[in-house]
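J.: sequence first, then the predicted structure, then my questions.
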Amino acid sequence: MRVDVLTLFPSMFDGPLDESILRRAREGGYLELRITDIRDFAHDAHRTVDDRPFGGGPGMVLKPEPVFEAVESLRSPGAKVIMLAPVGEPYRQETARSLAKQDHLILLCGSYEGFDERIREGLVDEVVSLGDYVLTNGALPAMVLIDSVTRLIPGVLGDADSVTEESFGEDGLLEYPHYTRPAEFRGMKVPEVLMSGNHGEIAKWRKKMAERLTAERRPDLLVKGSASDLASDESER
Ligand SMILES: C[S@@+](CC[C@H](N)C(=O)[O-])C[C@H]1O[C@@H](n2cnc3c(N)ncnc32)[C@H](O)[C@@H]1O
């Protein structure tokens, strides 16, 4: 997959995407990442890319010309253009799953007050919000999106199960808790069932724990009605 990022802060991308699975994905040719400075498409010697908002108010707004020209220079047939913005659709694992099927993403990272609205109207396929909070600029949200999408590209993770058996998977639940050696640590014991070797019982325990965790912490993920039943099921703690 090719990913182009348009940003005013290219150096923010140095480091986080050069480690671990992301590094391997890039080296293995699964992810071709290019970071472009929007200022390279400015029209004046001062590399101006923003201006005051029509109608008044605080802050500066990203001008349409440099962003249109940058996207037009990078776009391939079928490329999906995504704007990062707090006013977008909430970003979820299912968004990541669907984006992982694309060949080419172009991510628009805003700064200041954000983008001139004509950029969304004329260029953008999806507006995506990483959460109900406001960040300084779009670099961190873009990196989160790139990370979450890249690990879903087939072949990037060695063990296919690590994608299927995790939070927000097909069952929509949070993942069950994990334990490793030692079997007892500072008086805290690993649940017996996990050491029983009985795979059927282990699977049942994990399912129950996943449902319970989800009911307690994220009842919004459960279908209405079952959440309160699961949350109040204290009997098997
Ligand atoms: C300071 S924010 C602009 C906030 C905007 N004035 C508003 O109130 O919705 C600057 C840029 O950071 C990025 N950004 C901030 N918070 C974000 C979020 N929750 N999700 C995605 N992008 C975000 C966007 O690219 C945005 O254009």
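T.: Thanks, I have the structure now.

J.: what residues does the chain have near the ligand?
T.: Contact residues, the chain versus the ligand (C-beta under 6 Å from any ligand atom): 84-87, 109-111, 113-114, 129-131, 133-138, 141. Glycine gets a C-beta too; all of them are placed from N, C-alpha and C.

J.: out of these, which end up buried?
T.: Neighbour counting by 16 or more other C-beta atoms under 10 Å classes 84-86, 109-111, 114, 129-130, 137-138, 141 among the residues of the chain next to the ligand as buried.

J.: and the gap between residue 156 and residue 217?
T.: Here residue 156 is placed at a distance of 28 Å from residue 217 (C-beta to C-beta, to the nearest Å).

J.: looking at the two, which one has more neighbours?
T.: Counted by other C-beta atoms under 10 Å, residue 156 and residue 217 do not tie: residue 156 has more neighbours, with 19 against 11.

J.: mind checking the SS state of that one?
T.: Put simply, residue 156 is coil when judged by DSSP: H, G, I helix; E, B strand; the rest coil.

J.: so who does the residue sitting nearest the centre point of the chain touch?
T.: Nearest residue to the geometric centre of the chain (C-alpha atoms, centre = their mean): residue 145, 3.2 Å. Residues touching residue 145, when contacts are defined by C-beta atoms under 8 Å, 6 or more residues apart in numbering, comprise 82, 84, 91, 96, 99, 107, 128, 130.

J.: of those residues, closest to residue 3?
T.: Distance to residue 3 across the contacts of residue 145 (C-beta to C-beta) is lowest for residue 107, with 6.7 Å.

J.: ok, back up a step: list just the nearest of the contacts of residue 145 to residue 194.
T.: The closest of those to residue 194 turns out to be residue 96 (C-beta to C-beta; 29.2 Å).

J.: right, I'll call it a day here.
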